[in-house]
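**Q** got a predicted model here, sequence first, then my questions.
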Amino acid sequence: MSLSPQNLENMLAELDAYLIQENLSLKTIQQYRTTFRALKRFAIEQQKKDYSDDLCNDFLHYKFNVSRYTKGYLPPRIANAIRVVWMLNSLSKDKKIKTIYHHNQPSIFPPDFQKIFNEYKEEYFYHSKSLHTWVRIHDLIVKFSKFIITQKVTSFSDLRPKHIEAYFCGISGLSKMALATERQRLKKFLLFLVNHQYVQSNLIDFLPHIILYRKSKAPSIWNEKEIKELLLSIDRNSAIGKRDYAMLLLAIQMGLRSSDIQNLKLTNLTWSQNPQECAIDFVQTKTGKQFSQPMPYDVATALVDYLKNARPESADPHIFLRHGSHIGKLQGATSRIYNLLERANIKITNRKHGFHSLRHTFATRLVSNGTPLKVVSELMGHTSVISTGTYITVDLKTLRNCALKPMELKNERK
């Protein structure tokens with residue numbers, strides 16, 4: 001069944017209204033409007049009134065010499081044009097606007113390997129929940145499979161050590177880090193093939209040995225003044241402000257990842273008359289590990305305020321939703337921090353300052369207060385204490401600057 005034509009000008013007007021409802025800065029909205037006008041002019045030149053993927057693809061090709069899958073650094077006007085094309089695509093197909101899109105051109109997996117590929121995918125998601133990592137694994141397996149097909153391999157049972165060696169010779173120009181990542185992911189796939197008797201068991205022995213010396217980097221952390229300014233910049237009288245405040249406290253006071261904050265559902269919250277028994281319980285997106293911790297009082301209070309007074313009415317099970325005409329699960333949580341920093345005129349340079357840096361700040365504050373590493377690891381939801389050890393590298397003076405008590409904010413807001 002074909003979709004009825006969709007008027008391009010009406011769709012662009014809907015995008016414009018969405019950007020305003022998302023409280024984007026006037027400068028950002030004006031940049032998008034410049035793209036809207038350029039696309040409308042191009043459509044008139046092509047004597048087209050309705051949206052189509054072909055029209056948008058031609059717009060990117062003839063005006064900017066790029067495609068919607070173009071990677072790498074792009075000037076803002078070109079990046080905005082690609083983003084607009086993807087938003088129109090989601091509005092056309094899904095009847096909702098998505099501001100996060102998949103940059104990689106869809107890969108076509110060789111059909112002869114599809115059955116085994118599907119089995120591996122099923123096993124992967126049984127043990128892990130990270131869709132982001134799976135996309136990378138998928139691309140690697142497709143690339144590897146296409147290569148061995150050029151080597152006259154029509155079945156994994158025909159795979160031999162010479163094919164493994166030839167594959168890595170072909171990518172030898174990659175950095176050591178990239179090679180190590182490819183080796184690790186391919187090794188897991190080969191182990192799957194071995195365990196299911198699809199290949200010879202000795203193939204793994206022919207993977208190259210890559211010696212990688214990794215120097216641990218001190219994590220990016222916020223000082224007390226920066227966190228206070230960030231939280232105080234939020235308009236907690238607005239619905240979006242109540243949402244953003246609750247999300248930030250989950251990162252600052254509980255160290256949650258942005259992916260887990262976005263994926264939190266109402267069923268993950270346990271409420272009680274006794275504040276000490278209020279808790280959050282969920283399976284982490286990245287590790288698949290269960291996370292269960294009591295909610296700090298400030299976090300519980302912020303969540304109640306958002307759920308009772310600001311969250312849109314919706315059957316969507318997720319806690320944090322987009323506001324406006326396209327209500328649904330929130331995406332792109334990190335962009336909320338950047339918007340707040342810009343609005344509050346807070347300048348942070350020479351270090352990362354997204355949601356994950358707030359998670360780092362939570363961990364370093366615990367370490368500076370003498371919390372045992374094993375306890376910090378549990379609170380962070382790490383699968384290993386080794387991951388937590390990174391936070392010991394931060395000097396004590398820096399750690400002391402992070403010793404923020406968000407309760408102090410209450411008096412300052414009055």
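**A** In hand now; what should we look at? Residues are numbered from 1 along each chain as shown.
**Q** beta partners of Gly294?
**A** Not Gly; residue 294 is Pro. On the basis of DSSP bridges, Pro294 is bridged to Ala279.
**Q** what separation do you get for it and Gln276?
**A** 6 Å (Cβ to Cβ, to the nearest Å). Where C-beta positions appear, they are placed from N, C-alpha and C, glycine not excepted.
**Q** neighbour count winner among the two?
**A** Pro294 (16 against 9; other Cβ atoms under 10 Å).
**Q** now do the contacts for the closest residue in space to Ile252 that isn't next to it in sequence.
**A** Leaving aside its chain neighbours, Ile252 sits nearest to Leu358 (5.2 Å; criterion: Cβ to Cβ, 6 or more residues apart in numbering). Residues near Leu358 by Cβ atoms under 8 Å, 6 or more residues apart in numbering: 222, 227, 248, 251-252, 255, 337.
**Q** now these as TSV including secondary structure and pLDDT?
**A** TSV is the format used below for the contacts of Leu358 (DSSP: H, G, I helix; E, B strand; the rest coil; pLDDT from 0 to 100):
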residue	secondary structure	pLDDT
Trp222	coil	73
Ile227	helix	83
Leu248	helix	89
Ala251	helix	87
Ile252	helix	87
Gly255	coil	85
Ile337	helix	73
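**Q** in those, find the pair that's most separated.
**A** The largest separation in those, counting by Cβ to Cβ, is between Gly255 and Ile337 at 15.2 Å.
**Q** so Tyr32 sits against Leu19, correct?
**A** Yes. With contact defined as Cβ atoms under 8 Å, Tyr32 counts as touching Leu19 (5.8 Å).
**Q** how many other residues sit next to Glu22?
**A** Counted with other Cβ under 10 Å, Glu22 comes out at 20.
**Q** with Asp94 instead?
**A** Neighbours around Asp94, by other Cβ under 10 Å: 11.
**Q** leaving out sequence neighbours, find the closest residue to Asn268.
**A** Phe282 (4.3 Å).
**Q** pretty sure that neighbour is in a helix, no?
**A** No. The assignment for Phe282, made by DSSP: H, G, I helix; E, B strand; the rest coil, is strand rather than a helix.
**Q** could you check the pLDDT of it?
**A** As predicted, Phe282 sits at a pLDDT of 89.
**Q** low-confidence ranges in the stretch 101-250 of the chain?
**A** The model of the stretch 101-250 of the chain has pLDDT under 70 over residues 101-112, 128-132, 212-219.
**Q** can you pull out the helices in it?
**A** Counting by DSSP state H, counting those that start in this stretch, the stretch 101-250 of the chain has helices at residues 114-127, 131-150, 161-170, 176-195, 224-232, 239-254.
**Q** ok and the fifth one relative to helix 239-254, angle-wise?
**A** What separates the directions of helix 224-232 and helix 239-254 is an angle of 150 degrees, with axes from the mean of the first three to the mean of the last three Cα atoms, to 10 degrees.
**Q** alpha carbons of helix 224-232, in CSV - could you do that?
**A** The C-alpha coordinates for helix 224-232 follow below in CSV (Å, rounded to 0.1, in the frame of the first residue of the first chain):
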residue,chain,number,x,y,z
GLU,A,224,31.3,22.4,42.5
LYS,A,225,30.7,25.8,41.0
GLU,A,226,30.0,24.4,37.5
ILE,A,227,27.4,21.9,38.8
LYS,A,228,25.7,24.5,40.8
GLU,A,229,25.5,26.9,37.9
LEU,A,230,24.2,24.1,35.6
LEU,A,231,21.4,23.1,38.0
LEU,A,232,20.5,26.7,38.8
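**Q** tell me what that helix is packed against?
**A** helix 239-254, helix 334-344, helix 409-413 (3 or more Cβ pairs under 8 Å, 6 or more residues apart in numbering; DSSP states H and E).
**Q** what's the second one packed up against?
**A** The contact analysis (3+ Cβ pairs under 8 Å, 6+ apart) places helix 334-344 against helix 224-232, helix 239-254, helix 355-368.
**Q** right, so of those, which gets closest to Pro75?
**A** Nearest to Pro75, of all the helices and strands packed on helix 334-344, is helix 355-368, at 26.5 Å by Cβ to Cβ.
**Q** in whatever helix or strand Asn57 lives in, what's buried?
**A** When elements are assigned from DSSP states H and E, Asn57 belongs to helix 53-64. By neighbour count with 16 or more other Cβ atoms under 10 Å, helix 53-64 contains the buried residues 55-56, 59-60, 63-64.
**Q** for the residues you listed, which one is nearest Val194?
**A** Checking those against Val194 by Cβ to Cβ gives Leu60 as the nearest, at 44.0 Å.
**Q** my guess is the closest one contacts Arg83. True?
**A** No. Between Leu60 and Arg83 there is no contact, the gap being 11.0 Å when judged by Cβ under 8 Å.
**Q** so the residue lying farthest from the centre of the chain, which of the three states?
**A** The C-alpha centroid of the chain is most remote from Gln47, which lies 38.5 Å away (Cα atoms, centre = their mean). Secondary structure, three-state DSSP: Gln47 is coil.
**Q** quick one, phi/psi of it?
**A** The phi/psi pair for Gln47 (degrees, to the nearest 10) reads phi 60, psi 40.
**Q** okay, and the residue nearest in space to the middle of the chain sits in which element?
**A** The structure's the chain has its C-alpha centroid closest to Ser259; by Cα atoms, centre = their mean the separation is 6.0 Å. Per DSSP H and E: Ser259 is located in helix 258-263.
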